[in-house]
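Participant: Provide a 3D model corresponding to the input given below.
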Amino acid sequence: MQTVLLKLKFRENHSFIIPLNVTDFTQRLSEIIDPEDSQPFSLFGPGSENNFKGTVGINGFKLKSTILSKNKKVISIPVKGIFTKEGNKTKITVEIKADDLFSIVYFSFAAVMFFAVVFFSLLGLFGLTDEHYTLVQPLVMVILIILLASLYYFHLRRNIQIVKDELASALQALTN
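Facilitator: Here you go, the predicted model:
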């Protein structure tokens, strides 16, 4: 399942090397991350100028982006990172995941609808039902299902790219 999600680019793994030791890195990282609230809609409330909410631990961090996109929608994609010491530098391995429960349900529903439309269309075309089907109705349904699934897929990929770029620039700013 992990490899499928990586190939579909619902998950991305990245590595960064920062010329800071681990203690300086964790201190600076905790300054640019707001603490995560226990409130369910805390990502949408007023906050600081920081683009991330989460926690920083001894050897890793978990955060969610609170980035406002150009159309003022909050991009909330979880990011998990592990950092290790490499000499005087810190290596950060980051996993960005967009495969939340809503996405899984959405694409599962789209797949079920796609196969149901194809199945019942074939039944109707071969005269196995009382209804008379033409090829136009199922073709339109299949095109709509593929279009909606594709739009959501590319929306998720774009949000992952935005979060990845914002995280890279925030980590780069830590070195200055």
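
Participant: please, where are all the strands along the protein?
Facilitator: Using DSSP state E, the strands of the chain run over 11-18, 33-35, 52-56, 60-65, 67-68, 74-75, 78-86, 89-97.

Participant: let me know which of those strands is tucked in deepest.
Facilitator: With neighbours defined as mean count of other Cβ atoms under 10 Å, the strands of the chain peak in mean count at strand 60-65, which reaches a mean of 20. Where C-beta positions appear, they are placed from N, C-alpha and C, glycine not excepted.

Participant: what is the mean pLDDT for it?
Facilitator: Strand 60-65 carries an average pLDDT of 86.

Participant: nearest to A149, out of the strands of the chain?
Facilitator: strand 11-18 (17.9 Å; Cβ to Cβ).

Participant: quick check: which of the strands of the chain is nearest to I146?
Facilitator: Smallest distance to I146 across the strands of the chain (Cβ to Cβ): 22.6 Å, for strand 11-18.

Participant: just the angle between that closest one and strand 89-97, please?
Facilitator: 160 degrees (axes from the mean of the first three to the mean of the last three Cα atoms, to 10 degrees).

Participant: can you list the strands that strand 11-18 pairs with?
Facilitator: Sheet pairing of strand 11-18 (DSSP bridges) gives strand 89-97 (antiparallel).
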